[in-house]
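Trainee: Here's my sequence, what's the structure:
(one chain, ligands or ions: 1)
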Amino acid sequence: MLVTAKEMLIKARDGKYAVGQFNINNLEWTKAVLLTAQELNSPVILGVSEGAGKYMCGYRTVVGMVNGMLKELNITIPVALHLDHGSFEGAKACINAGFSSIMFDGSHYPIAENIAKTTALVNTCDILGISLEAEVGSIGGEEDGVIGMGECADPTECKMIADLGVTMLAAGIGNIHGKYPANWKGLSFETLAAVKEKVGDMPLVLHGGTGIPADMIKKAISLGVAKINVNTECQLSFAAATRKYIEEGKDNQGKGYDPRKLLAPGFEAIKATVKEKMELFGSVNKA
Ligand SMILES: [Zn+2]
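Mentor: Got it, this is the predicted structure:
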């Protein structure tokens, strides 16, 4: 059964480790993340962006697939199904479809509008027992070929949003989605410490977990980060393993074209990436 992300993040915050959010794209992705989490006895958050939700034939299909796997694969660790960077409409759709956790990304709105929309969702999620992530200060990344260096959130605005009663808060601290550019300046621990000082016990979320050096991840966890999002890194390892299989001509050997064989190396590569991240985040045996 799906659970809210609330308890697992409170445990992570108190235990000084982080729970990984791994974004899913299809059946292989979901199965790889769930099986790895079960093998490592780690709590896990499955992230679904609005684009990935559409790709997987809608939120109801995603909920059906994930709930089916929890039963058929005998998954007993805590699993939250979480909307990643949701719009207000997307958040409502996922709540109706049976997601156990929602991110409403109102970071592109003026702060007053971000507060109004987040407040409406806080009340709804409270009633339904769904965890809610809010964002302040947009996370950088490549958009239309322009690479943002990663904004730093205003700690006072972070407190305004945290005080609304959200479960967890994503604050921009110089982090970026996708691959990090060579001239990236690193995470702003000054900003993270200032945000933590203002929001107190609120579990913090670090987006753009791909390519952040291990020592920065550990430091971020020590400063209150309890959830780390990983998306691109699984895509890169899946693509590399699939490329290798085809470049070695394995799809032309025997029944190597069978999708169950063709996608197997990518599936194993995702599992290896998820394992590496769970070990780094410290969530192994914390289910
Ligand atoms: Zn993100």
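
Trainee: ranges for the helices of the stretch 1-150 of the chain?
Mentor: 6-15, 27-39, 50-55, 59-72, 88-97, 111-128 (DSSP state H, counting those that start in this stretch).

Trainee: Pick the most buried one from the ones you listed.
Mentor: helix 27-39 (a mean of 20; mean count of other CB atoms under 10 Å). C-beta coordinates here come from the backbone N, C-alpha and C atoms, glycine included.

Trainee: Which elements pack onto it?
Mentor: Applying 3 or more CB pairs under 8 Å, 6 or more residues apart in numbering; DSSP states H and E, we find helix 27-39 packed against strand 44-49, helix 59-72, helix 264-281.

Trainee: now these in a markdown table, with mean pLDDT and distance to H82?
Mentor: Below are those laid out as a markdown table (pLDDT from 0 to 100; distance: least, CB to CB, whole Å):
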| stretch | mean pLDDT | distance to H82 |
| --- | --- | --- |
| strand 44-49 | 98 | 5 |
| helix 59-72 | 98 | 11 |
| helix 264-281 | 98 | 15 |
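
Trainee: Including distance to E28, could these go into JSON lines?
Mentor: As requested, those are exported to JSON lines (distance: least, CB to CB, whole Å):
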{"stretch": "strand 44-49", "distance to E28": "13"}
{"stretch": "helix 59-72", "distance to E28": "11"}
{"stretch": "helix 264-281", "distance to E28": "5"}
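
Trainee: Of those, which is nearest S222?
Mentor: helix 264-281 (12.2 Å; CB to CB).

Trainee: Any regions of the protein where pLDDT drops low?
Mentor: Scanning the chain for pLDDT under 70 picks out 140-149.

Trainee: sorry, back to before: nearest to L2, of the helices and strands packed on helix 27-39?
Mentor: Comparing the helices and strands packed on helix 27-39 by CB to CB, helix 59-72 comes nearest, at 6.9 Å.

Trainee: closest one to L187 among the helices and strands packed on helix 27-39?
Mentor: Here helix 264-281 is closest among the helices and strands packed on helix 27-39 (CB to CB), at 14.8 Å.

Trainee: Show me which residues of that closest one are buried.
Mentor: 264-267, 269-271, 273-275, 277-278, 280-281 (16 or more other CB atoms under 10 Å).

Trainee: Give me the angle between that helix and helix 6-15.
Mentor: 50 degrees (axes from the mean of the first three to the mean of the last three CA atoms, to 10 degrees).

Trainee: Show me the one of the helices and strands packed on helix 27-39 that comes nearest T36.
Mentor: Here helix 264-281 is closest among the helices and strands packed on helix 27-39 (CB to CB), at 4.3 Å.

Trainee: Now that closest one - C-alpha only, PDB.
Mentor: Extracted C-alpha coordinates of helix 264-281, given in PDB (Å, rounded to 0.1, in the frame of the first residue of the first chain):
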ATOM      1  CA  ALA A 264      17.400  -5.900 -19.400                       C
ATOM      2  CA  PRO A 265      20.800  -4.200 -19.300                       C
ATOM      3  CA  GLY A 266      19.200  -0.800 -18.900                       C
ATOM      4  CA  PHE A 267      17.000  -2.200 -16.100                       C
ATOM      5  CA  GLU A 268      20.100  -3.500 -14.300                       C
ATOM      6  CA  ALA A 269      21.900  -0.200 -14.800                       C
ATOM      7  CA  ILE A 270      19.000   1.700 -13.200                       C
ATOM      8  CA  LYS A 271      19.100  -0.800 -10.300                       C
ATOM      9  CA  ALA A 272      22.800  -0.100  -9.800                       C
ATOM     10  CA  THR A 273      22.400   3.600  -9.900                       C
ATOM     11  CA  VAL A 274      19.500   3.500  -7.400                       C
ATOM     12  CA  LYS A 275      21.600   1.300  -5.100                       C
ATOM     13  CA  GLU A 276      24.600   3.600  -5.300                       C
ATOM     14  CA  LYS A 277      22.400   6.600  -4.400                       C
ATOM     15  CA  MET A 278      20.600   4.900  -1.500                       C
ATOM     16  CA  GLU A 279      24.000   4.000  -0.100                       C
ATOM     17  CA  LEU A 280      25.200   7.600  -0.400                       C
ATOM     18  CA  PHE A 281      22.000   9.000   1.000                       C
END
